[in-house]
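need a 3D model of the sequence below.
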Amino acid sequence: MRVDVGCSFTYLAEIPTPVIFQIQPDPEPAQRVRSESWSVNPFVALHDYEDLYGNPCMRTVLPPGRTTVRYSASVEVPDGPEQHEPETAETAPADLPDPVLLYTLPSRYCLPDVLADEAWTRFGGLAPGFGRVLSICAHVHNHLSFRYGSTTALSTAADVNASGLGVCRDFTHLAITFCRALNIPARYVFGYLPDIGVPAGSAPMDFAAWMEVWLGDRWWTFDPRNNARRAGRVVIGRGRDAADVAMATTFGGPTLEEMTVHAERSGGRASAGHLPLVPPQRQR
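Have a look, this model is predicted:
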């Protein structure tokens with residue numbers, strides 16, 4: 001099926017400010033970008049490149065004053081929710097492919113060394129495999145309550161585990177942390193998630209975060225925030241955690257005055273809205 005996605009940002013900068021956007025769908029075999037467009041007012045030059053993980057990125061420099069950046073795309077994705085195979089086994093660390101080993105290690109927001117004792121106490125006695133990952137997702141989904149503004153750009157998986165509050169990236173960081181503590185490779189996924197096959201949420205449409213876990217001989221999609229299989233996922237990028245896939249990285253301190261996100265099945269009714277200006281970006 002085809003999904004229409006996009007977003008817009010309005011920044012107010014005092015000085016020329018370099019910025020990197022990660023908002024384009026990843027052109028991978030499972031999803032095909034059929035069309036896309038950028039609009040920047042006032043006009044500035046754009047430069048695209050791929051980061052260390054192969055994620056598409058766009059660079060520019062915000063001029064002094066107010067700048068609005070808009071992006072939209074039409075993307076073909078699988079017609080149905082992601083696959084689940086409950087009988088899939090875990091892979092022993094010694095047998096993991098070399099590139100996958102990275103996703104068993106601690107990272108900026110995912111701290112398997114800090115939460116190792118809790119992970120093994122809660123999940124170590126469960127049968128290894130797909131079902132154990134589902135149990136981790138169910139626990140995180142029930143343990144955390146979703147609340148905008150409950151975390152900051154500095155909040156780690158250990159922080160949200162203690163507070164019991166977070167947004168979708170925090171759900172994902174905590175589930176990844178528990179998986180890695182059990183030597184199960186897990187990586188962070190950032191993208192668009194339309195309300196297809198589920199009741200429309202009461203909150204405005206936002207970017208979404210979920211995870212991919214290496215089981216058997218491939219990556220599988222899991223969503224601890226929603227704890228359900230969903231249709232229409234559009235991947236923007238993957239990395240160790242949100243530090244690798246920030247929607248915007250600004251080399252300075254411009255004010256983000258407004259941000260909107262939309263994602264819908266083509267021909268459907270738009271699900272979009274103005275978002276609370278929480279810190280889903282990073283500044284340097």
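
domain-wise, how is the protein divided?
Domain assignment for the chain, taken from automatic domain parsing, gives 2-78+246-283, 93-239.

please work out which of those domains is packed deepest.
Of all these, domain 93-239 carries the top mean neighbour count, a mean of 19, counting by mean count of other Cβ atoms under 10 Å. The way it works is simple: take the backbone N, C-alpha and C, and place the C-beta from them, glycine included.

low pLDDT regions in the stretch 101-250 of the chain?
Applying pLDDT under 70 to the stretch 101-250 of the chain flags residues 201-204.

about what we covered before: I'd like the domains of the chain laid out as a markdown table, including distance to Glu87.
Below are the domains of the chain laid out as a markdown table (distance: least, Cβ to Cβ, whole Å):
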| stretch | distance to Glu87 |
| --- | --- |
| domain 2-78+246-283 | 21 |
| domain 93-239 | 7 |
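
out of the ones you listed, which gets nearest to Pro86?
Nearest to Pro86, of all the domains of the chain, is domain 93-239, at 4.9 Å by Cβ to Cβ.

show me how far that closest one is from its chain's centre.
Its chain's average C-alpha position is 10 Å from that of domain 93-239, according to Cα atoms, centre = their mean, to the nearest Å.

which SS state does the nearest residue to Ala45 once chain neighbours are set aside fall under?
Excluding its sequence neighbours, the residue lying closest to Ala45 (Cβ to Cβ, 6 or more residues apart in numbering) is Thr60, at 6.6 Å. Reduced to three states with DSSP: H, G, I helix; E, B strand; the rest coil, the structure at Thr60 is strand.

so Thr60 touches Tyr49, yeah?
No - if you go by Cβ atoms under 8 Å, Thr60 and Tyr49 don't touch, sitting 11.9 Å apart.

residue boundaries of the helices in the stretch 1-150 of the chain?
116-123, 130-143 (DSSP state H, counting those that start in this stretch).

got the angle between the last one and helix 116-123?
Read it as helix 130-143. Using axes from the mean of the first three to the mean of the last three Cα atoms, to 10 degrees, the direction of helix 130-143 lies 110 degrees away from that of helix 116-123.

list the helices and strands helix 130-143 packs on?
Contacts defined by 3 or more Cβ pairs under 8 Å, 6 or more residues apart in numbering; DSSP states H and E place helix 130-143 against helix 116-123, helix 168-181, strand 207-215, strand 218-222.

direction included, what does the last one pair against?
Translated: strand 218-222. If you go by DSSP bridges, strand 218-222 pairs up with strand 207-215 (antiparallel).

C-alpha coordinates for the partner strand, CSV please?
The C-alpha coordinates for strand 207-215 follow below in CSV (Å, rounded to 0.1, in the frame of the first residue of the first chain):
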residue,chain,number,x,y,z
PHE,A,207,7.3,10.8,14.8
ALA,A,208,7.5,7.2,16.2
ALA,A,209,10.2,5.0,17.6
TRP,A,210,10.3,1.2,17.8
MET,A,211,13.0,-1.5,17.8
GLU,A,212,14.3,-4.3,15.7
VAL,A,213,15.7,-7.4,17.4
TRP,A,214,18.0,-10.0,15.9
LEU,A,215,16.5,-13.5,16.3
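
nice, that's everything, thank you.
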